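Engineer: heads up, no residue letters with this:
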């Protein structure tokens, strides 16, 4: 009886456990489209500030 239980456990380990270990999980769904970031007011303000800074540097270079 003891050998029958051991044999059954070994048979279970050999036949069933590799199937469970090799089973691949369901692949994750593909990523959704990224959220679009609006580039409107902030970029315009930075461009105007950069232009004003460049003009200020050019004027100081010509006068001094």
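Structural biologist: It's in. Because the structure is predicted, anything quoted here is derived from the model rather than measured.

Engineer: helix or strand with the lowest mean pLDDT in the chain?
Structural biologist: The helix or strand of the chain with the poorest confidence is helix 17-22; it has a mean of 68 (mean pLDDT, DSSP states H and E).

Engineer: tell me the mean pLDDT for the helix or strand hosting residue 52?
Structural biologist: Taking DSSP states H and E as the definition, residue 52 sits inside helix 41-63. If you average the pLDDT over helix 41-63, you get 89.

Engineer: for it, buried residues please.
Structural biologist: For helix 41-63, a neighbour-count test (16 or more other C-beta atoms under 10 Å) marks nothing as buried. Every C-beta, even on glycine, is put in place using the N, C-alpha and C of the backbone.

Engineer: same deal with stretch 12-31?
Structural biologist: Buried-residue list, stretch 12-31, by 16+ other C-beta under 10 Å: empty.

Engineer: what's the spacing between it and its chain's center?
Structural biologist: Here stretch 12-31 shows a centroid-to-chain-centroid distance of 25 Å under the convention C-alpha atoms, centre = their mean, to the nearest Å.

Engineer: how about stretch 41-58?
Structural biologist: When distances are taken as C-alpha atoms, centre = their mean, stretch 41-58 is centred 34 Å away from the chain's centroid.

Engineer: do the same with stretch 37-56
Structural biologist: With C-alpha atoms, centre = their mean, you get 31 Å for stretch 37-56.

Engineer: and what of stretch 6-14?
Structural biologist: Remark: stretch 6-14 is offset 43 Å from the chain centroid, using C-alpha atoms, centre = their mean.
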